[in-house]
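Undergrad: any chance you can model this:
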Amino acid sequence: MKIRKIIISTSIVIIALILIFECAYIVKETEQVVITQFGKPVGEAKITPGLKIKVPFIQKTNYFEKRFLEWDGDPNQVPTKDKKFIFVDAYARWQITDPLQFFKRLTNERGAQSRLDDILDGETRDFIANNDLEEAVRTSNRIPLSSGLSGEEVGDTLSDIAIGRLKIQEMILKSANEKAKDLGIVILDFRLKRLNYVEEVRVQVYERMKSERFRIAEKFRSEGQGEASKINGEKEKDLKAIQSEAFRKAEEIRGRADARATSIYANAYNQSASSRDLYSFAKSMETFERTFDSTTTIILSTKSELYKYLINF
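TA: Okay, here's the model as predicted:
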């Protein structure tokens, strides 16, 4: 009998705990809950945090995120208005603002992601296809900074844009929210994450870029050769001018020296014969002193100017 009471008490406690767990549920700060009964929503969504009560076994809780959610699209090949095929990769952030409407229209986050794929991919394709490639790539009509090289004519390579990438993103966001307004969600932000040419076009673009770089390099090379020729010409001109000036000064110095020597000789010959003989004798002795030593043997002609001074010794 005692064992029977224990079993009954235990059963009652277990049933009471089950009923408590089935009746009560907790809504966290980051959650919002929709109660369904036999698959249909009952009452309003529970968006405030705290302990809540529901009918056990019959009613079921459906939890949804209150925080921002991520949508990351797959890269899609899209033609632009100027007939250039590109891959467009985009991402967005969205939030469940009306959980009851969200449950009715989309059921869960997987359904929402699928619906966002249709909306955002479609809007992205439409707006990219209605604009030129430059509109999707550039954001403003700023003048790009050049590298400082004279051959790089960046100012003529860019055309003005009327819309720009940021404006296209804003238009996609606005249009997508118009289509998603009855889904219980709001798209908070949309961005074009990456734009890239398809393989065939990319090869053509790279080839064009290389040819443009080669053209600029060839222009630099020809300008460098022209500048080198100019420098060499200036060098030859300066060198010849320096040599001419040096030759002129050398000739002037030589002329002055010859004139002075001639003047000295003239003055010497204008003196008396004895003075000239003394001078000749002194110069001859100086020549002997500088030319010969004690070991030198010489043969002189009797007609030599030096011989007439030796016969006196």
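
Undergrad: quick one: the strands in the stretch 201-313 of the chain, in order.
TA: Taking DSSP state E, counting those that start in this stretch as the criterion, the stretch 201-313 of the chain carries no strands.

Undergrad: pLDDT averaged over stretch 113-129, what's the number?
TA: For stretch 113-129, mean pLDDT rounds to 93.

Undergrad: buried stuff in stretch 57-65?
TA: By 16 or more other CB atoms under 10 Å, the buried positions in stretch 57-65 come out as 59, 60, 62, 63, 64. Using the backbone N, CA and C atoms, a C-beta is placed for each residue, glycine as well.

Undergrad: would JSON lines of the residues you listed with pLDDT be doable?
TA: Output for the buried residues of stretch 57-65, formatted as JSON lines (pLDDT from 0 to 100):
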{"residue": "59", "pLDDT": "85"}
{"residue": "60", "pLDDT": "90"}
{"residue": "62", "pLDDT": "92"}
{"residue": "63", "pLDDT": "92"}
{"residue": "64", "pLDDT": "93"}
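
Undergrad: in the stretch 101-250 of the chain, where is pLDDT below threshold?
TA: Low-confidence segments of the stretch 101-250 of the chain, defined by pLDDT under 70: 144-158.

Undergrad: let's see 90
TA: 107, 132-164, 181, 193-230, 232-241, 243-250 (pLDDT under 90).

Undergrad: report how many residues lie close to residue 176.
TA: 22 (other CB atoms under 10 Å).

Undergrad: typed the wrong thing, it's residue 217
TA: With other CB under 10 Å as criterion, residue 217 counts 12.

Undergrad: in the stretch 51-200 of the chain, which spans are helices?
TA: Under the criterion DSSP state H, counting those that start in this stretch, helices of the stretch 51-200 of the chain are mapped to 99-106, 109-129, 133-137, 165-179, 199-270.

Undergrad: so which of those helices is nearest residue 44?
TA: helix 99-106 (6.6 Å; CB to CB).

Undergrad: now, among the buried residues of stretch 57-65, which is nearest to residue 23?
TA: Looking across the buried residues of stretch 57-65 and measuring by CB to CB, the closest to residue 23 is residue 59, at 9.3 Å.

Undergrad: residue contacts, that closest one?
TA: 35, 36, 37, 42 (CB atoms under 8 Å, 6 or more residues apart in numbering).

Undergrad: what mean pLDDT does stretch 66-73 have?
TA: Here the average pLDDT along stretch 66-73 is 93.

Undergrad: any idea how far it is from the chain center?
TA: Relative to its chain's centre, stretch 66-73 lies at 31 Å (CA atoms, centre = their mean, to the nearest Å).
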